[in-house]
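Q: Could you look at this predicted model? Sequence included:
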Amino acid sequence: SRGLEGFFFFHTPNMAQPPAFSPVGEKRLPSEPLAMSWSPAMDLVAVVFGDSSVVLYRLSWQKVWARAAPETKAAASADGSAAQHDSVSVTALGWRPDGKQLALGHSDGTLCLVDVEDASEVHSQSLGDSPLTAVAWANAQPRDTLPTSKQHAALPLRRPVAAGDRATHFLSDLPPLPNSSDSRFAGDGRQRPHDSEGGAAPAMSVLVAGTDHGHVHILAMGVFGIGQLTISASDSGASTSDTPASVVALSIARDLKNVAAVVRCGESAVLNLFDTSLLNTKQTELATIASQCAQLKSLSQYLSATIKAMATAWETVLLEFDSKLASFARTTAGHGAGLETQFLNLLLRGTTSLEMQTFLGRELTPRKLKTLGATVQSSYTRVEKLVLEHANEVIRALVFHLGDLRGLARCQSRFGSLGLEEASVSRALSTAGSLGLKAGELLSVIHGSKHNFKSFFSWLQNVVQALEGTSTPATTAAVDSHEVADFIRQNFSRHVDEDGQHTVSIEQVGQYFRNEPLKTAKEEQGPLDALWKLAAETSGPGPMFQERREESLVQLVTELEADLAKLYAQPACVCSKQYTCHRRDTLVSQGMSSDGIVSAEALDKGHVVAVAASPDSPSVRVFRAVQDEAPESVKLTTSADQQVAALHLYSEHCMLLTSAQEQGESVLMRAEIEDLLELCSSAGEDGELNDAMSEQRKLPFSAKSAHVSKRQIASVVADGVHPLVHLFDLDMEEEEEDGDESQMDISAQHSDSDSDSDAL
């Protein structure tokens, strides 16, 4: 047992131990898997099927959850005449080292982080338009040496400051957004892309994602970009620059000092080893910046969802009323008094035109007015609640984290070399503060408009009833005519839209949700105007944040997003210049087909190992190098009827799977990299693959792919329309006495597999 509750294991002290490479289970899959990856921390395996659905299984092959295929995206055609629908597929997957998150790369360049517990989306971002072809993730190891007491005294920051360290003491969790289409905010409020238990600093983790155009994105905590590696076609030995260099294998060392990237360019495969020592020497600072920026990204997305919810709650209510009044305004535009004059005449003199009487009798009946009035009041309440409970809280959190980030930017000795500039942070902080003042202004407008709207509807309902003669407007005197007149003047003055058509603006609240300047900005002095004037006259410091009365709420949100984007881009640009490629080696010079197989692993202290094979070539290339030393490389040949179906590097071991489809059989092999290199170096350049492998097992079926878990469990997928996946334990010692008789009867132990298969 591994101590994981709810998992099914095959080893108990009372059972006879099966021999090496012993089969421990099998399962029929619903369709052919395109990719498969075992969790590095738990007995879980993620499988991507042909329809791009992702299914998580236990070791017993019990389904944990299934994630549907990505939604198809609509794109404009080349001539702009019609929309085209581009299908999005999962093209890469990788695990976070602690097994809590799964990274999914997509064909449209989107990277999605998924929570392993419930398949919910933790974070999603676009890394460009190129498909993501490889993903790798590593957690930082503790430093080899600890600084002395004198060195500690010189450090202005002892450890990474998690974004939640101080925020948990001063900020409350954001409430879930009602009716939000974003699952991250519709459930338990603000999501944190990284884990920080008990306010502890987050451990530095680095995710690398490669594309089919030779780019490798480096992201701290899996969400914050801290640089990019670029491998051109000329670097990969291509004769022309038109041939793309596609990243086919990625690995990052656990000490974060090296990134290994294998690119396929034409018929060649080239190993590139990059020096990323900055990730190690500055891991404290990078973890701190990434922690803060991850929170800012999540908060910014929450703010955008809040503004969208506010606009939806408002526009759906007033759409009908607004369109009716605008239509009436256009009808009377060429003759007679305007809408404002007619309503004022009706209010002050009790007279109106025939057109107004017809409009009120047909479009605004007492029943419609009553229903519309109640709905408008409800809409005001919802928007007011969204501002108070959501917008204000998330803006306050943004200001808080930007203030912390500005404090870090002022420590130039630690963060200046990483591109964190105080000017950029201060610009975003100022915009966020102005956004908070704009939210307060919106609350004031809502309060006044809500009261005047209620008075107007009460008066209008009495007028319509009087015109119909159904009742006497006894309550007309109770309505404040000044409030009604103010409402009419503010909302019913004649306007001309972009098309030159006469229209009206019946409300002041909705203009805050448009990406354009306010048409009826507040004319009175704001609460901070006097302070700004006093500061200008005395040359003293003004208020921290400035009121920007001409701009709408959406305009300020858009500006804040642009400020944050610039803030995020600067560290990525600066860090990219500090990564260098310190060795480039050709693994396969020719004959590497598009379905060739490559595996590479960057190890600590500049070590790198790689293996490469192509189904069209009966050989396997094994490669190892140490920093600037001469590499060791051997070629192992297979028999003519065998093809390499899979190969994997793990823990200084190499696992290979060869398949002879004509004979309907396969061979599963394993050997240590050190043994392979020593064996072949003594015998010459080439060697026989079967002779070099220390452990082998013949399989009575034609295999298509194989994958290995950290627990030394190999999953081998048999070829077929409805393929079987076979599990083998690679870490069992062979028993001399029992031999094959101790093997487990797989089909008998898994007789219930058909029911699980039907469920899938």
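A: Right, received. Where do you want to start?

Q: I'd assumed P178 was in a helix, is it?
A: No: the assignment for P178 (DSSP: H, G, I helix; E, B strand; the rest coil) gives coil, which keeps it out of a helix.

Q: ok, now how distant is it from R584?
A: Taking C-beta to C-beta, to the nearest Å as the criterion, P178 is separated from R584 by 55 Å. Bear in mind the C-beta positions are built from the backbone N, C-alpha and C, glycine included.

Q: Repeat that for E117.
A: Summarising the geometry, the distance separating E117 from R584, computed by C-beta to C-beta, is 41 Å.

Q: which of those two has more neighbours?
A: Neighbours per residue, other C-beta atoms under 10 Å: of E117 and R584, the larger number sits with R584, 15 against 11.

Q: wait, what's in contact with that one?
A: Taking C-beta atoms under 8 Å, 6 or more residues apart in numbering, we find R584 in contact with D235, V270, L271, N272, L273.

Q: Would you reformat those as CSV and include pLDDT?
A: Formatted as CSV, the entries for the contacts of R584 read as follows, by pLDDT from 0 to 100:
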residue, pLDDT
D235, 64
V270, 91
L271, 92
N272, 92
L273, 92
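
Q: Okay, now the sheet partners of the secondary structure element (helix or strand) that V24 belongs to, with direction.
A: Using DSSP states H and E, V24 maps to strand 22-28. Neighbouring strands of strand 22-28 in its sheet, by DSSP bridges, are strand 724-729 (antiparallel).

Q: Using PDB, write out the CA atom coordinates for the partner strand.
A: Presented in PDB, the C-alpha positions along strand 724-729 are these (Å, rounded to 0.1, in the frame of the first residue of the first chain):
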ATOM      1  CA  LEU A 724      -6.100  -2.800 -24.400                       C
ATOM      2  CA  VAL A 725      -3.800  -1.200 -22.000                       C
ATOM      3  CA  HIS A 726      -1.600  -3.600 -20.100                       C
ATOM      4  CA  LEU A 727       0.200  -2.700 -16.800                       C
ATOM      5  CA  PHE A 728       3.600  -4.200 -15.900                       C
ATOM      6  CA  ASP A 729       5.500  -3.700 -12.700                       C
END
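
Q: ok, residues contacting it?
A: Outside of strand 724-729, the residues within contact range by C-beta under 8 Å, 6+ apart are 10, 18, 21-29, 33, 59, 61, 668, 697, 699, 701, 712-718, 746.

Q: Now do the buried residues in stretch 431-449.
A: Going by neighbour count (16 or more other C-beta atoms under 10 Å), the buried part of stretch 431-449 is 431-443, 445-446, 449.

Q: worst-scoring helix or strand of this protein, pLDDT-wise?
A: Counting by mean pLDDT, DSSP states H and E, the weakest-scoring helix or strand in the chain turns out to be helix 746-749, with a mean of 34.

Q: how about low-confidence regions in the stretch 51-200 of the chain?
A: Using pLDDT under 70 as the threshold, the predicted model of the stretch 51-200 of the chain has low-confidence ranges 72-86, 142-169, 179-200.

Q: Where do the strands of it begin and end?
A: 54-58, 63-67, 73-76, 83-86, 90-95, 101-106, 110-115, 121-126, 132-139 (DSSP state E, counting those that start in this stretch).

Q: Out of these, flag the one nearest Y302.
A: For the strands of the stretch 51-200 of the chain, the distance to Y302 is smallest for strand 121-126, at 12.5 Å, taking C-beta to C-beta.

Q: for the closest one, which positions count as buried?
A: Within strand 121-126, the residues scored as buried using 16+ other C-beta under 10 Å are V122, H123, Q125.

Q: Kindly reformat those residues as JSON lines containing distance to E561.
A: Putting these into JSON lines (distance: C-beta to C-beta, whole Å) gives the following:
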{"residue": "V122", "distance to E561": "20"}
{"residue": "H123", "distance to E561": "16"}
{"residue": "Q125", "distance to E561": "13"}
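
Q: Sort out which one of those residues lies nearest D404 for me.
A: The closest of the buried residues of strand 121-126, once distances to D404 are taken by C-beta to C-beta, is H123, at 20.3 Å.

Q: residues touching the residue most central in space within the chain, list them.
A: To find the centre residue of the chain, average its C-alpha atoms and take the closest one (C-alpha atoms, centre = their mean): that gives S124, at 1.3 Å. Applying C-beta under 8 Å, 6+ apart, we find S124 in contact with T110, L111, C112, L113.

Q: Could you do V509 as well?
A: V509 makes contacts with W314, Y380, V383, L442, V445, I446, S449, as judged by C-beta under 8 Å, 6+ apart.

Q: Wasn't the second one part of a helix?
A: Looking back up the chat, that one is Y380. Yes: residue assignment for Y380, taken from three-state DSSP, places it within a helix.

Q: how far away is the spatially closest residue to it that is not a sequence neighbour from P131?
A: For Y380, ignoring the flanking residues on the chain, the nearest one in space by C-beta to C-beta, 6 or more residues apart in numbering is K450 at 4.4 Å. Distance, K450 to P131, by C-beta to C-beta: 51 Å.

Q: Please apply the same query to T381.
A: Plainly put, T381 is 47 Å away from P131 if you go by C-beta to C-beta.

Q: These two - which one has more neighbours?
A: For T381 versus P131, neighbours defined as other C-beta under 10 Å are more numerous around P131 (20 against 13).

Q: Show the contacting residues for that one.
A: Under the criterion of C-beta under 8 Å, 6+ apart, the contact partners of P131 comprise T91, G105, H106, S107, D108, G109, T211, D212.

Q: Mind putting those into CSV with distance to K308 and neighbour count?
A: As requested, the contacts of P131 are exported to CSV (distance: C-beta to C-beta, whole Å; neighbours: other C-beta atoms under 10 Å):
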residue, distance to K308, neighbour count
T91, 30, 22
G105, 27, 25
H106, 24, 21
S107, 27, 20
D108, 22, 20
G109, 24, 22
T211, 31, 25
D212, 34, 20
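
Q: can I get the residues you listed in TSV with distance to V609?
A: Formatted as TSV, those follow (distance: C-beta to C-beta, whole Å):
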residue	distance to V609
T91	25
G105	24
H106	29
S107	29
D108	33
G109	29
T211	24
D212	24
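
Q: Just name the closest of the residues you listed to L564, please.
A: Nearest to L564, judged by C-beta to C-beta, of the contacts of P131 is G109 at 20.1 Å.

Q: Would you agree that closest one is in contact with L132?
A: Yes: G109 lies in contact with L132 (C-beta atoms under 8 Å); the separation is 6.3 Å.

Q: anything in contact with each of the two?
A: When C-beta under 8 Å, 6+ apart defines a contact, the residues bordering G109 and L132 alike are T211.

Q: How much space separates Q377 from H451?
A: 11 Å.

Q: actually M544, not the one I typed
A: Counting by C-beta to C-beta - M544 and H451 are separated by 31 Å.
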